[in-house]
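J.: please work out how this folds:
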Amino acid sequence: MSVFLFVVAAVAGALNSVAGGGSFLTLPTLLYAGVTPVVANATSTMAMLPGSVASAVAYRRELQRLGEWVVPLTIVSLAGGFLGGILLVRTSDTSFMRLLPWLMLLAAATFTFGNRVRRTLSLDRLRGSLLVVGLTQFVIAIYGGYFGGGMGIMMLASFALGGMLDIHEMNGLKTYLGVAINALALAAFIIKGVVAWGPALIMIAGAVLGGYFGATLARRIDPRWVRGFVVVIGWTMTIYFFMR
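T.: Modelled structure (predicted):
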């Protein structure tokens, strides 16, 4: 089982570095391995965090150009992520499993159609205040701390609504805020003791290795095929959890 966890995490790490959607693999795998639902979700978040940190560091130049956006959005992301994490650890395994199909559906739909929404918003150049984007980010951060699937696409759409047009800056801010959200959610998970450290450490190693080496191979493939693969996984897992 350890080898299986490592391999799945490696694939998930590679997907996250190119298209996102790694949690569609890691969470069901942890459930299959016998980890209880709430702990599996917390452990999946832990496993994917190091790769996100590395990506955020790579975007440091883009973040420096964002000026007034970074600090207030960091604050609301930290607060929302911690609140989402607290909500998760206060959810029973039975309740979480009842919610999981709907969370997977939201994540799969967001991943599948989110880019179309983001492009539409960018093309229309709708503009909202930093306050509006901040409030939207707070809601996204709560969702991210609780579950997180598809939150990256949600953030990109929010940034487009706020008037951001540079996709590199948007991706940099999305990655950085995703780290902030997950870090505070993990603080709540660790305080409450809901991380399965054995599987987490195995999957962290796999995710880091997969993110570093797998991305090199994945970038040689048409991104549409990689994204399509993630979409198929997302909808397959969604249907499975609804039928379970």
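
J.: contact partners for T26?
T.: Neighbour list for T26: V8, A9, A12, S44, A47, M48, M203 [criterion: Cβ atoms under 8 Å, 6 or more residues apart in numbering]. Just so you know, the C-beta spots here come from the backbone N, C-alpha and C atoms, and that holds for glycine as well.

J.: actually A40, not the one I typed
T.: Contacts of A40 by Cβ under 8 Å, 6+ apart are L27, L30, L31, A196.

J.: in terms of helices and strands, where is the third one?
T.: L31 is located in helix 23-32, with elements delineated by DSSP states H and E.

J.: and that helix, which residues are buried?
T.: Judged by neighbour count using 16 or more other Cβ atoms under 10 Å, the buried positions of helix 23-32 are S23, F24, L25, T26, L27, P28, T29, L30, L31.

J.: low-scoring stretches of the protein, by residue?
T.: 17-20, 114-115, 117-129, 165, 167, 214-223, 226 (pLDDT under 70).

J.: mind listing the helices for this structure?
T.: Ranges of helices within the chain are 2-18, 23-32, 37-58, 60-64, 70-89, 93-124, 130-146, 151-161, 167-192, 197-209, 215-218, 223-243, based on DSSP state H.

J.: please work out which residues outside the first one touch it.
T.: The contact list for helix 2-18 (Cβ under 8 Å, 6+ apart) reads 21-23, 25-26, 29-30, 33, 47-48, 51-52, 55, 199, 202-215, 217-219, 223, 226, 229-230.

J.: try 6 Å
T.: Contact with helix 2-18 is made by 21-22, 25-26, 29, 47, 51, 199, 202-203, 206-207, 209-211, 214-215, 218, 226, 230, as judged by Cβ atoms under 6 Å, 6 or more residues apart in numbering.

J.: next, the buried residues of it.
T.: 5-6, 8-18.

J.: likewise for the last one?
T.: Under the neighbour-count criterion of 16+ other Cβ under 10 Å, helix 223-243 has V226, R227, F229, V230, V231, I233, G234, W235, M237, T238, F241 buried.

J.: and which of those is nearest L100?
T.: Set against L100, the nearest of the buried residues of helix 223-243 by Cβ to Cβ is F241 (5.4 Å).

J.: one step back: redo the buried residues of helix 223-243 as JSON lines? Include distance to W69.
T.: Formatted as JSON lines, the buried residues of helix 223-243 follow (distance: Cβ to Cβ, whole Å):
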{"residue": "V226", "distance to W69": "29"}
{"residue": "R227", "distance to W69": "27"}
{"residue": "F229", "distance to W69": "32"}
{"residue": "V230", "distance to W69": "28"}
{"residue": "V231", "distance to W69": "30"}
{"residue": "I233", "distance to W69": "32"}
{"residue": "G234", "distance to W69": "29"}
{"residue": "W235", "distance to W69": "33"}
{"residue": "M237", "distance to W69": "33"}
{"residue": "T238", "distance to W69": "33"}
{"residue": "F241", "distance to W69": "36"}
